[in-house]
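S.K.: The following block contains a protein sequence and its predicted model.
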Amino acid sequence: MKIGHTGITWGIPGDVETAYRDTAELGYTSFETFATTILEWNSRPGGYRALVERYGIPTSAAYCYKEWIDPANADADLESARREADAAREIGASALVLQGGSRPDGGLDSDRMGRLAEALNRIGEYAVGIGLAASLHPHTGTAVETREEIDTILRLTDPTLVGFAPDTGQIAKGGSDIVEVLETYRSRITHVHLKDWCGRFEQDENGREIDFTGYANYEPVGNGVLPMPEIMRILGEAGQDFWTNVELDGTSRAPRTPREAAAMSRTYLGELLGDQVAWTR
(Lines give C-alpha, C1' and ligand atoms only; values in the text may rest on other atoms or scores of the structure.)
Protein backbone atom coordinates (compact mmCIF):
# COMPACT_ATOMS: atom_id res chain seq x y z
CA MET A 1 0.00 0.00 0.00
CA LYS A 2 1.07 3.58 -0.63
CA ILE A 3 0.54 5.79 2.45
CA GLY A 4 1.06 9.55 2.46
CA HIS A 5 -0.21 12.52 4.47
CA THR A 6 -2.08 15.71 3.56
CA GLY A 7 -0.92 19.13 4.66
CA ILE A 8 -4.07 20.48 6.36
CA THR A 9 -2.97 19.28 9.79
CA TRP A 10 -0.50 22.17 9.59
CA GLY A 11 -3.26 24.61 8.56
CA ILE A 12 -4.95 25.76 5.35
CA PRO A 13 -2.76 26.31 3.44
CA GLY A 14 -0.52 26.44 6.50
CA ASP A 15 3.23 26.15 6.70
CA VAL A 16 3.64 24.02 3.59
CA GLU A 17 7.38 23.57 3.86
CA THR A 18 7.25 22.43 7.50
CA ALA A 19 4.38 20.10 6.65
CA TYR A 20 6.31 18.60 3.74
CA ARG A 21 9.46 18.14 5.85
CA ASP A 22 7.60 16.57 8.79
CA THR A 23 5.68 14.23 6.47
CA ALA A 24 8.88 12.98 4.85
CA GLU A 25 10.83 12.67 8.10
CA LEU A 26 8.05 10.63 9.73
CA GLY A 27 8.28 8.05 6.96
CA TYR A 28 5.21 8.79 4.89
CA THR A 29 5.77 8.17 1.22
CA SER A 30 3.90 11.12 -0.30
CA PHE A 31 2.50 14.56 0.46
CA GLU A 32 -0.74 16.25 -0.61
CA THR A 33 -1.70 19.90 -0.71
CA PHE A 34 -4.07 22.30 -2.44
CA ALA A 35 -3.70 22.82 -6.17
CA THR A 36 -3.73 26.56 -5.54
CA THR A 37 -0.75 26.12 -3.21
CA ILE A 38 1.23 24.48 -6.00
CA LEU A 39 0.45 27.42 -8.27
CA GLU A 40 1.43 29.92 -5.59
CA TRP A 41 4.75 28.18 -4.93
CA ASN A 42 5.44 28.07 -8.66
CA SER A 43 5.69 31.87 -8.56
CA ARG A 44 8.66 31.60 -6.16
CA PRO A 45 12.29 30.91 -7.07
CA GLY A 46 12.66 27.19 -7.77
CA GLY A 47 8.90 26.70 -7.83
CA TYR A 48 6.97 24.00 -6.02
CA ARG A 49 9.26 21.38 -7.53
CA ALA A 50 11.99 22.61 -5.17
CA LEU A 51 9.96 21.23 -2.24
CA VAL A 52 9.55 17.87 -3.95
CA GLU A 53 13.27 17.63 -4.59
CA ARG A 54 14.27 18.92 -1.15
CA TYR A 55 12.24 16.41 0.84
CA GLY A 56 12.48 13.40 -1.42
CA ILE A 57 8.87 12.23 -1.56
CA PRO A 58 6.33 13.01 -4.28
CA THR A 59 3.25 15.17 -4.05
CA SER A 60 0.75 12.49 -4.98
CA ALA A 61 -2.40 14.60 -5.24
CA ALA A 62 -3.70 18.15 -5.42
CA TYR A 63 -6.99 19.27 -3.90
CA CYS A 64 -9.29 21.28 -6.17
CA TYR A 65 -12.35 23.14 -4.87
CA LYS A 66 -14.78 24.94 -7.18
CA GLU A 67 -18.49 25.79 -7.23
CA TRP A 68 -18.74 24.24 -10.72
CA ILE A 69 -22.41 25.04 -11.48
CA ASP A 70 -22.82 28.78 -10.87
CA PRO A 71 -23.75 30.00 -14.38
CA ALA A 72 -21.76 33.19 -13.88
CA ASN A 73 -18.54 31.34 -13.07
CA ALA A 74 -18.83 27.80 -14.44
CA ASP A 75 -16.57 28.35 -17.45
CA ALA A 76 -14.01 30.20 -15.34
CA ASP A 77 -14.10 27.40 -12.75
CA LEU A 78 -13.39 24.83 -15.44
CA GLU A 79 -10.52 26.84 -16.88
CA SER A 80 -9.07 27.39 -13.39
CA ALA A 81 -9.33 23.67 -12.65
CA ARG A 82 -7.50 22.90 -15.90
CA ARG A 83 -4.63 25.19 -14.85
CA GLU A 84 -4.52 23.49 -11.48
CA ALA A 85 -4.53 20.06 -13.13
CA ASP A 86 -1.61 21.10 -15.35
CA ALA A 87 0.36 22.32 -12.33
CA ALA A 88 -0.33 19.10 -10.43
CA ARG A 89 0.71 16.91 -13.33
CA GLU A 90 3.88 18.92 -13.94
CA ILE A 91 5.16 18.05 -10.45
CA GLY A 92 4.23 14.37 -10.77
CA ALA A 93 0.88 14.12 -8.99
CA SER A 94 -1.36 11.21 -9.89
CA ALA A 95 -4.75 12.52 -8.68
CA LEU A 96 -6.76 15.72 -8.80
CA VAL A 97 -9.11 15.56 -5.80
CA LEU A 98 -12.41 17.27 -6.64
CA GLN A 99 -14.80 18.67 -4.05
CA GLY A 100 -18.37 19.12 -5.20
CA GLY A 101 -19.05 22.76 -4.33
CA SER A 102 -21.10 24.38 -1.57
CA ARG A 103 -24.27 22.88 -0.17
CA PRO A 104 -27.57 24.77 -0.17
CA ASP A 105 -30.17 23.96 2.45
CA GLY A 106 -31.57 20.56 1.55
CA GLY A 107 -28.80 19.83 -0.94
CA LEU A 108 -28.84 20.10 -4.72
CA ASP A 109 -32.01 19.36 -6.65
CA SER A 110 -31.87 16.88 -9.53
CA ASP A 111 -31.23 19.56 -12.15
CA ARG A 112 -28.25 21.04 -10.30
CA MET A 113 -26.90 17.59 -9.46
CA GLY A 114 -27.02 16.78 -13.15
CA ARG A 115 -25.12 19.96 -13.98
CA LEU A 116 -22.54 19.13 -11.31
CA ALA A 117 -22.04 15.69 -12.86
CA GLU A 118 -21.60 17.29 -16.29
CA ALA A 119 -18.99 19.71 -14.92
CA LEU A 120 -17.10 16.89 -13.18
CA ASN A 121 -17.12 14.84 -16.37
CA ARG A 122 -15.62 17.79 -18.25
CA ILE A 123 -12.73 18.30 -15.85
CA GLY A 124 -12.39 14.53 -15.60
CA GLU A 125 -11.96 14.26 -19.36
CA TYR A 126 -9.25 16.90 -19.26
CA ALA A 127 -7.48 15.32 -16.29
CA VAL A 128 -7.49 11.83 -17.80
CA GLY A 129 -6.14 13.29 -21.01
CA ILE A 130 -3.02 14.57 -19.23
CA GLY A 131 -2.54 11.47 -17.09
CA LEU A 132 -4.33 12.44 -13.86
CA ALA A 133 -7.10 10.60 -12.06
CA ALA A 134 -9.98 13.00 -11.40
CA SER A 135 -11.28 11.83 -8.03
CA LEU A 136 -14.59 12.93 -6.49
CA HIS A 137 -14.29 13.71 -2.78
CA PRO A 138 -17.49 13.64 -0.66
CA HIS A 139 -17.30 16.15 2.20
CA THR A 140 -19.67 17.31 4.91
CA GLY A 141 -21.17 20.69 4.19
CA THR A 142 -20.77 20.29 0.43
CA ALA A 143 -23.02 19.23 -2.42
CA VAL A 144 -21.96 15.58 -2.00
CA GLU A 145 -22.34 14.64 1.65
CA THR A 146 -25.01 11.96 2.21
CA ARG A 147 -25.09 8.38 0.96
CA GLU A 148 -27.89 9.25 -1.45
CA GLU A 149 -25.79 12.09 -2.89
CA ILE A 150 -22.74 9.84 -3.21
CA ASP A 151 -24.82 7.26 -5.06
CA THR A 152 -26.39 9.88 -7.31
CA ILE A 153 -23.21 11.66 -8.37
CA LEU A 154 -21.33 8.42 -8.99
CA ARG A 155 -24.24 7.15 -11.08
CA LEU A 156 -24.38 10.35 -13.12
CA THR A 157 -20.64 10.68 -13.76
CA ASP A 158 -18.68 8.62 -16.26
CA PRO A 159 -16.54 6.08 -14.34
CA THR A 160 -13.85 6.29 -17.02
CA LEU A 161 -13.52 10.03 -16.32
CA VAL A 162 -14.38 10.50 -12.65
CA GLY A 163 -13.11 8.17 -9.94
CA PHE A 164 -13.98 8.04 -6.25
CA ALA A 165 -11.87 9.64 -3.52
CA PRO A 166 -13.55 8.65 -0.25
CA ASP A 167 -12.68 10.50 2.94
CA THR A 168 -13.35 7.91 5.62
CA GLY A 169 -14.05 10.40 8.40
CA GLN A 170 -16.13 12.81 6.32
CA ILE A 171 -18.32 10.02 4.98
CA ALA A 172 -18.89 8.60 8.48
CA LYS A 173 -19.69 12.04 9.90
CA GLY A 174 -22.09 12.55 6.98
CA GLY A 175 -24.15 9.62 8.25
CA SER A 176 -22.99 6.74 6.04
CA ASP A 177 -21.58 3.34 6.93
CA ILE A 178 -18.01 3.80 5.72
CA VAL A 179 -17.29 0.09 5.42
CA GLU A 180 -20.39 -0.46 3.29
CA VAL A 181 -19.58 2.54 1.08
CA LEU A 182 -16.01 1.32 0.50
CA GLU A 183 -17.21 -2.19 -0.27
CA THR A 184 -19.80 -0.90 -2.73
CA TYR A 185 -17.46 1.41 -4.64
CA ARG A 186 -14.08 -0.23 -4.14
CA SER A 187 -13.58 -0.76 -7.88
CA ARG A 188 -13.99 2.97 -8.51
CA ILE A 189 -11.54 4.21 -5.86
CA THR A 190 -8.70 6.28 -7.31
CA HIS A 191 -7.55 8.13 -4.17
CA VAL A 192 -8.28 8.07 -0.42
CA HIS A 193 -8.22 10.45 2.52
CA LEU A 194 -7.79 8.28 5.59
CA LYS A 195 -9.36 10.07 8.53
CA ASP A 196 -10.64 8.86 11.90
CA TRP A 197 -13.67 10.34 13.70
CA CYS A 198 -14.65 10.76 17.34
CA GLY A 199 -18.21 9.59 16.69
CA ARG A 200 -19.92 12.75 18.01
CA PHE A 201 -21.80 15.46 16.18
CA GLU A 202 -23.49 18.14 18.30
CA GLN A 203 -24.33 21.76 17.59
CA ASP A 204 -24.45 24.85 19.80
CA GLU A 205 -27.41 27.22 20.06
CA ASN A 206 -26.25 28.98 16.88
CA GLY A 207 -26.15 25.78 14.86
CA ARG A 208 -22.35 25.52 14.81
CA GLU A 209 -20.71 22.16 15.31
CA ILE A 210 -19.12 21.75 18.73
CA ASP A 211 -15.53 20.55 18.36
CA PHE A 212 -14.71 18.00 21.06
CA THR A 213 -11.26 17.02 19.78
CA GLY A 214 -9.54 20.17 18.52
CA TYR A 215 -9.55 18.58 15.05
CA ALA A 216 -13.13 19.35 13.91
CA ASN A 217 -14.14 16.15 15.74
CA TYR A 218 -11.65 14.01 13.85
CA GLU A 219 -8.79 12.11 15.45
CA PRO A 220 -5.35 10.75 14.57
CA VAL A 221 -5.84 7.43 12.79
CA GLY A 222 -6.50 4.67 15.32
CA ASN A 223 -7.73 7.07 18.03
CA GLY A 224 -11.34 7.36 16.88
CA VAL A 225 -14.30 5.06 16.41
CA LEU A 226 -13.85 3.97 12.80
CA PRO A 227 -12.99 0.29 12.17
CA MET A 228 -9.55 0.95 10.75
CA PRO A 229 -8.46 -2.71 10.39
CA GLU A 230 -11.55 -3.39 8.26
CA ILE A 231 -11.10 -0.18 6.27
CA MET A 232 -7.47 -0.98 5.51
CA ARG A 233 -8.38 -4.53 4.54
CA ILE A 234 -10.85 -3.26 1.95
CA LEU A 235 -8.40 -0.71 0.59
CA GLY A 236 -5.66 -3.32 0.41
CA GLU A 237 -7.93 -5.66 -1.54
CA ALA A 238 -9.24 -2.99 -3.91
CA GLY A 239 -6.67 -3.94 -6.53
CA GLN A 240 -6.15 -0.37 -7.72
CA ASP A 241 -2.90 1.59 -7.77
CA PHE A 242 -3.99 4.58 -5.67
CA TRP A 243 -2.60 6.61 -2.80
CA THR A 244 -4.09 6.53 0.70
CA ASN A 245 -3.22 9.81 2.39
CA VAL A 246 -3.75 10.30 6.12
CA GLU A 247 -5.66 13.49 6.90
CA LEU A 248 -6.49 15.37 10.10
CA ASP A 249 -8.09 18.81 10.24
CA GLY A 250 -5.77 21.05 12.22
CA THR A 251 -7.28 23.89 14.28
CA SER A 252 -6.00 26.46 16.79
CA ARG A 253 -7.40 24.21 19.55
CA ALA A 254 -5.45 21.11 18.54
CA PRO A 255 -4.15 19.34 21.68
CA ARG A 256 -0.74 18.50 20.16
CA THR A 257 1.57 19.73 17.42
CA PRO A 258 0.83 18.72 13.81
CA ARG A 259 3.99 16.59 13.75
CA GLU A 260 2.96 14.76 16.91
CA ALA A 261 -0.49 14.06 15.50
CA ALA A 262 0.96 12.79 12.21
CA ALA A 263 3.41 10.63 14.16
CA MET A 264 0.55 9.02 16.10
CA SER A 265 -1.16 7.99 12.87
CA ARG A 266 2.14 6.76 11.43
CA THR A 267 2.83 4.60 14.51
CA TYR A 268 -0.64 3.09 14.46
CA LEU A 269 -0.54 2.30 10.74
CA GLY A 270 2.96 0.91 11.00
CA GLU A 271 1.81 -1.54 13.67
CA LEU A 272 -1.40 -2.40 11.82
CA LEU A 273 0.03 -2.85 8.33
CA GLY A 274 3.53 -4.15 8.99
CA ASP A 275 5.36 -4.95 5.77
CA GLN A 276 2.35 -4.05 3.61
CA VAL A 277 3.85 -0.53 3.47
CA ALA A 278 7.40 0.45 2.54
CA TRP A 279 7.83 3.55 4.71
CA THR A 280 10.60 5.90 3.65
CA ARG A 281 12.52 5.68 6.95
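M.R.: Ah, there it is.
S.K.: just how off-centre is stretch 261-278 within its chain?
M.R.: 19 Å (C-alpha atoms, centre = their mean, to the nearest Å).
S.K.: Report whether Ser135 is found in a strand, as I expect.
M.R.: Yes. Counting by DSSP: H, G, I helix; E, B strand; the rest coil, Ser135 falls inside a strand.
S.K.: Count the residues that sit near it.
M.R.: Ser135: 28 surrounding residues under other C-beta atoms under 10 Å. Every C-beta, even on glycine, is put in place using the N, C-alpha and C of the backbone.
S.K.: Over to the one 5 residues further on?
M.R.: Neighbouring residues of Thr140 were enumerated by other C-beta under 10 Å; the total is 20.
S.K.: Tell me which residues are up against stretch 60-80.
M.R.: The set of residues external to stretch 60-80 that reach it, using C-beta atoms under 8 Å, 6 or more residues apart in numbering, is 2, 4, 6, 30-35, 38, 81, 84-85, 87-88, 93-102, 112, 115-116, 119-120, 122-123, 135, 137, 191, 243, 245.
S.K.: Tell me which stretches of the stretch 101-250 of the chain form helices.
M.R.: For the stretch 101-250 of the chain, helices defined by DSSP state H, counting those that start in this stretch occupy the ranges 110-129, 147-156, 168-173, 178-185, 228-237.
S.K.: Can you add mean pLDDT and give those back as JSON lines?
M.R.: Shown next, in JSON lines, are those (pLDDT from 0 to 100):
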{"stretch": "helix 110-129", "mean pLDDT": "97"}
{"stretch": "helix 147-156", "mean pLDDT": "97"}
{"stretch": "helix 168-173", "mean pLDDT": "97"}
{"stretch": "helix 178-185", "mean pLDDT": "98"}
{"stretch": "helix 228-237", "mean pLDDT": "97"}
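S.K.: Quickly compare those helices and say which is most buried.
M.R.: Mean neighbour counts were taken over the helices of the stretch 101-250 of the chain using mean count of other C-beta atoms under 10 Å, and the top value, a mean of 26, falls to helix 168-173.
S.K.: For Thr33, give the beta-bridge partners.
M.R.: On the basis of DSSP bridges, Thr33 is bridged to Ala62.
S.K.: quick one: low-confidence parts of the stretch 1-150 of the chain?
M.R.: Under the criterion pLDDT under 70, no range of the stretch 1-150 of the chain is flagged.
S.K.: With adjacent residues omitted, what lies nearest to Val162?
M.R.: Spatial nearest neighbour of Val162, chain neighbours left out: Gly124 (4.2 Å); criterion: C-beta to C-beta, 6 or more residues apart in numbering.
S.K.: Tell me if I'm right that the one you found and Pro159 touch.
M.R.: No. Taking contacts as C-beta atoms under 8 Å, Gly124 lies outside contact range of Pro159: 9.6 Å.
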